[in-house]
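structure, please.
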Amino acid sequence: MIPSQSVLLPFDKVTGYIDDALLALGLHTEARTSFITYWLPDLSKHAFIALRFLPQDEYEKAAPLNITPIPEVVTRVFMLFRGVEESQIELWNDAMDMERMDASVWKNIVGIDEAKVHDKSLFRVLEWGGVGVKWVAYVMLCDGEVL
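All right, here's what the predicted structure looks like:
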């Protein structure tokens, strides 16, 4: 996870933000509620959380999905998150900037076709998941030298 592809939120804003993002990604009420309920115990361990939703094409490369018969619409929502210590917040400036953007920005990042996601005449599949990232390593370079 890197700050430029993530959003950093205080815990008290996380559930509302995730709900808004999942709504923009086309998840119905029960799916959004199940997603948040599942991840809430892990998220609640942290005062600040950095999170991102993976683009579907990136996730497909890591975890191919084969379904028979082939669905007309596949929506795969996968969230990466990690706790951020208050002393590390300044390292996440780009992610703090993303907090100011509407959570619907994830619709374009993930690659959702909103019309198809909501078309009940189509055979649709929804998969949601995530993972908590335990550590992140940063290497800073200056003129080719590791700092």
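
how many other residues sit next to Glu114?
Counted with other Cβ atoms under 10 Å, the neighbours of Glu114 add up to 12. C-beta coordinates here come from the backbone N, C-alpha and C atoms, glycine included.

that one against Gly26, yeah?
Yes. Under the criterion of Cβ atoms under 8 Å, Glu114 makes contact with Gly26 at 6.2 Å.

need the overlap of contacts for those two.
Common contact partners of Glu114 and Gly26 (Cβ atoms under 8 Å, 6 or more residues apart in numbering): Lys107.

distance from stretch 96-108 to the middle of the chain?
How far stretch 96-108 lies from its chain's middle: 11 Å, per Cα atoms, centre = their mean, to the nearest Å.

now swap in stretch 67-78 and tell me
The answer for stretch 67-78 is 18 Å, by Cα atoms, centre = their mean.

what are the buried residues along it?
Judged by neighbour count using 16 or more other Cβ atoms under 10 Å, the buried positions of stretch 67-78 are 73-78.

now swap in stretch 85-95 and tell me
89, 92, 95.

go ahead and confirm the last one touches Ala50.
So the one you mean is Ala95. Yes. Judged on Cβ under 8 Å, Ala95 makes contact with Ala50 at a distance of 5.5 Å.

return the set of residues that bridge with the residue nearest the centre of the chain.
For the chain, the residue sitting closest to the mean C-alpha position, by Cα atoms, centre = their mean, is Phe53 at 2.2 Å. Bridge pairing for Phe53 (DSSP bridges) gives the partners Met79.
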